[in-house]
Each structure stands twice: as C-alpha cells, then as structure tokens.
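Visitor: Quick one: sequence and predicted model below, then my questions.
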Amino acid sequence: MQSVNIHSAFSGSLPCSRRNCEVSVREPRPTVLIVDDDPDIAPLVERALKPFHLQTEAVTGGADAINHMRQRSFDLVVLDLAMSDVHGLDVLQALRKLPLNKDVPVLILTANGSDDAIVGSFGLGADEFMRKPFNRRELGMRVLHLIRPFGP
C-alpha cells in the first residue's frame, strides 16, 4: 500500500484530527471512469483526483461509456447528464443492468441542477450529485468517500 498525505493534496482545512493525515491507497489503484461529452471537463476531474493517485479513464459520450462498462469493471463512475448521444440517465439505467458494474458507485456531475435531474438521478441509483461548475477539493473528497481507497 502507498500512503497519501491528504493535507498536501489540498490547501485549507480538512476533516482530519492530525495535521499530517495520511491514507493508504490500495494496489492496484482504484479506477474512475469519467463520462462527459465536453472535452474540457475530463482533464479538470482528473486534476482533482490526481493527488489521490487514482487511475482515470475518460470517454466523451454515453455510448462509449456503456461499451467500456460492458468490457471491464470500474471503482467509480463520474457521469454527466446532458450529453449529445445518450442522456446520462439512460447511461445510468443501462449501467445498473451490466453484470460487471451494476453496483459501482456513480457520482453525477452536471450543469443541470433541477429538481427533476436530482430526483431522477437518485431514483435510478446515483450515489452522489454535484453541480458544475464544481469545487475541485469537494469533488476529490466526495470521490474518496464513495470508493474508500484507504484502510482503517
């Protein structure tokens, strides 16, 4: 296992009882699938997750995401809703039927913060919901909370 100092990953205060708060990262490293049709978003999400030594893969559409999730398992999916080919809620619904990824945590990251989007996302099995633009530190901590890549 590898140790990661979460205070060095973020400036500011974190919910940690010690100044030098470290977590152990599993090997192999957890893999996050980033699904967004905006090519500028994946690098921002990857940058937010980099301090935690997570592996990331990015796809630019819902159809690509479904194909990736049919072929291999992921530890977390970060999913946009408003994509040009397949809507994110349809991707989420398809994901929940795939044997390899039916139980994977899903964090919805979208500009659509309407009640319908939030309720629909949770109704189809999303685990978290965040609006764009997003806070990089908050995204990193929510992802860690969902995949728990650290030991006790």
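Guide: That came through fine. Keep in mind the model is a prediction, meaning the values are calculated, not measured.

Visitor: Now do stretch 85-94: everything it contacts.
Guide: Contacts of stretch 85-94 with the rest of the structure, by Cβ atoms under 8 Å, 6 or more residues apart in numbering, involve 35, 37, 61-63, 65-66, 69, 79-83, 106, 108, 110, 120-121, 124-126. The way it works is simple: take the backbone N, C-alpha and C, and place the C-beta from them, glycine included.

Visitor: Just the ones of these in strands?
Guide: Among the contacts of stretch 85-94, DSSP state E puts 35, 79, 106, 108, 110 in strands.

Visitor: For the first one, give me its contacts.
Guide: Going back to what we said before, that points to Val35. Applying Cβ under 8 Å, 6+ apart to Val35 gives the contacts 58-59, 61-62, 64-65, 77-80, 83, 88, 91.

Visitor: circling back to that earlier point, any quick PyMOL command for the buried ones out of the contacts of stretch 85-94?
Guide: To isolate the buried members of the contacts of stretch 85-94 in PyMOL, using 16 or more other Cβ atoms under 10 Å:
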select buried, resi 35+37+61+62+65+66+69+79+80+81+83+106+108+110+120+121+124+126
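
Visitor: Under the pLDDT cut-off, which ranges of the protein? List them.
Guide: Applying pLDDT under 70 to the chain picks out residues 1-27, 149-152.
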